[in-house]
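Chemist: any chance you can model this:
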Amino acid sequence: MEHTIEKLSGNKVKIAFKVPAADFEQAIEKAYIKLRGQIAVPGFRKGKAPRKLIEKMYGAGIFYEDALDAIFPGAYMEAVTANELKPVSQPELSGIETMEAGKDLEFSCEVYVMPEVKLGEYKGVEVAKKTRKVTAEEVDARIESERKRVARSIEVTDRALENGDNAELDYSGSVDGVKFQGGTAEHQHLVIGSGSFIPGFEEQMVGMTIGEERDLNVKFPEEYHSEDLKGKDAVFHVKLHAITREELPELDDDFASEVSDFDTLAEYRADVEKKLQEAADAQSEEATRQSLVDAVMANAEVEIPAPMVEDKLNDMMQEMGWRMQQQGFSMEMYLKMLGQTEAQMRDMYRAEAKNNVKSELVLDEIIKAENIEADEADVDKMLESYASAMNQTIDQLKESFSAEQLDYFKHRAQVTKALDMLWENAKVTEAEEAAE
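Modeler: The predicted structure is shown next:
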């Protein structure tokens, strides 16, 4: 069996095959034996009609297609192996030159292959690291958040409802005297002034006393999510059952000891500032490392085959669907909420998918160029968090993995080492960002 390889544009190759007539004849005979029981010939029981008679009745080429189907996989794999091709798509039959009994079978297929990556500068790349100092306002906001977390809920019985209060209420909404779906509820909680309900609702509740009932006249926004209610005037009949209000703890040493391991407010505040600064520094370094990777990607040249982008999009959509399931949604529900089709979402993420593919290809080429290896300790480090989450030892986790799964983590360890190498060799300049 002979074959020739022709490089086409877009990282596609054409493989032309020439199969000896004798081999093609064997394949035709096998196809006849396989299919003869499915072919009806008058005067013969199924499976007993001679091949020549079937070919005479249904045409000489009745078994050709099945013979080609039988020959193609082996011929294709032989060509791929002999030429060390790395296909990234399924092969597509592109032409049949000769397909006739007694003659050599000649046909061709086309397939996308792994693209060549031309690395540009990747060591000593200059990147700017923007640092920033945490402000006093940020520290105050974090402490205030903690105050709200430990706030006590105090029942209010001696006054009317005010902004900031938590109201327990019943409500029933109607448009033109007709109640609408989703407009009725009992013993709901609403923080007055939070803007959670439609405009005018909360404002008109201010001043209500416990046990009071009141009609609230409101207008649904023109951009409301329900088509039936957009811009409509509505009346909500409400009844106030109870009023509660948050009581924040005093900002003192007692508060600090309650929410932390520190005895004084000053020590607690210093720790909050320290942790916020550490988080800001980590965020700054992560952003700088990403800008370094982006620069290395920009310096490299690679023409990415379309099937690789589509495969990456499939992975991204599958992962997104899994995340939706974790939150109790289906992908269909999510797309409906967004008012998008799956095709529109794929178009939206196609550029990101292409960038991800390029990043993977360039990093793999750097791993090859630098001969980066991952030993067992590197793989174990990658598995630490997984083992901890599954309440297993690393050895137990590895025993449950297939060879392919272990290879995946080995490759991830190589990528991590490649990224660390880029960072260690980068020329990083620091500049402090102006406070907002």
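Chemist: from here on, just use CA atoms for contacts and neighbour counts.
Modeler: Noted.
Chemist: could you pull out the strands for this protein?
Modeler: With strands called from DSSP state E, the chain shows them at 2-8, 12-19, 92-98, 105-112, 126-131, 152-156, 166-175, 178-191, 213-219, 233-247, 427-432.
Chemist: now for the second one, which elements pack on it?
Modeler: Read it as strand 12-19. strand 2-8, strand 105-112 (3 or more Cα pairs under 8 Å, 6 or more residues apart in numbering; DSSP states H and E).
Chemist: low-confidence bits of the stretch 1-150 of the chain, can you list those?
Modeler: Judged against pLDDT under 70, the stretch 1-150 of the chain has no low-scoring part.
Chemist: quick one, helices of the stretch 301-436 of the chain?
Modeler: Secondary structure of the stretch 301-436 of the chain (DSSP state H, counting those that start in this stretch): helices at 306-326, 331-338, 342-370, 376-389, 394-400, 403-425.
Chemist: the strands of the chain: which one's closest to residue 386?
Modeler: Among the strands of the chain, the nearest to residue 386 by Cα to Cα is strand 126-131 (31.3 Å).
Chemist: related to what we said a few turns ago, need the strands of the chain in TSV with distance to residue 268 and mean neighbour count, can you?
Modeler: Converted to TSV, the strands of the chain look like this (distance: least, Cα to Cα, whole Å; neighbours: other Cα atoms under 10 Å):
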stretch	distance to residue 268	mean neighbour count
strand 2-8	66	13
strand 12-19	63	20
strand 92-98	67	13
strand 105-112	60	21
strand 126-131	24	18
strand 152-156	21	14
strand 166-175	30	20
strand 178-191	30	13
strand 213-219	46	16
strand 233-247	21	19
strand 427-432	26	12
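Chemist: in JSON lines, list the ones you listed along with distance to residue 289.
Modeler: Converted to JSON lines, those look like this (distance: least, Cα to Cα, whole Å):
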{"stretch": "strand 2-8", "distance to residue 289": "37"}
{"stretch": "strand 12-19", "distance to residue 289": "34"}
{"stretch": "strand 92-98", "distance to residue 289": "41"}
{"stretch": "strand 105-112", "distance to residue 289": "32"}
{"stretch": "strand 126-131", "distance to residue 289": "9"}
{"stretch": "strand 152-156", "distance to residue 289": "43"}
{"stretch": "strand 166-175", "distance to residue 289": "45"}
{"stretch": "strand 178-191", "distance to residue 289": "43"}
{"stretch": "strand 213-219", "distance to residue 289": "50"}
{"stretch": "strand 233-247", "distance to residue 289": "43"}
{"stretch": "strand 427-432", "distance to residue 289": "10"}
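Chemist: which of the ones you listed sits closest to residue 141?
Modeler: strand 233-247 (17.1 Å).
Chemist: what pairs with the closest one, parallel or antiparallel?
Modeler: Strand pairing for strand 233-247, determined by DSSP bridges: strand 152-156 (antiparallel), strand 166-175 (antiparallel), strand 213-219 (antiparallel).
Chemist: and of those, who's closest to residue 292?
Modeler: Of all those, strand 152-156 comes closest under Cα to Cα, at 47.7 Å.
Chemist: ok, back up a step: ok, which of the helices of the stretch 301-436 of the chain comes nearest residue 263?
Modeler: Using Cα to Cα, those put helix 376-389 closest to residue 263, at 32.9 Å.
Chemist: report the angle between the axes of that closest one and helix 403-425?
Modeler: 110 degrees (axes from the mean of the first three to the mean of the last three Cα atoms, to 10 degrees).
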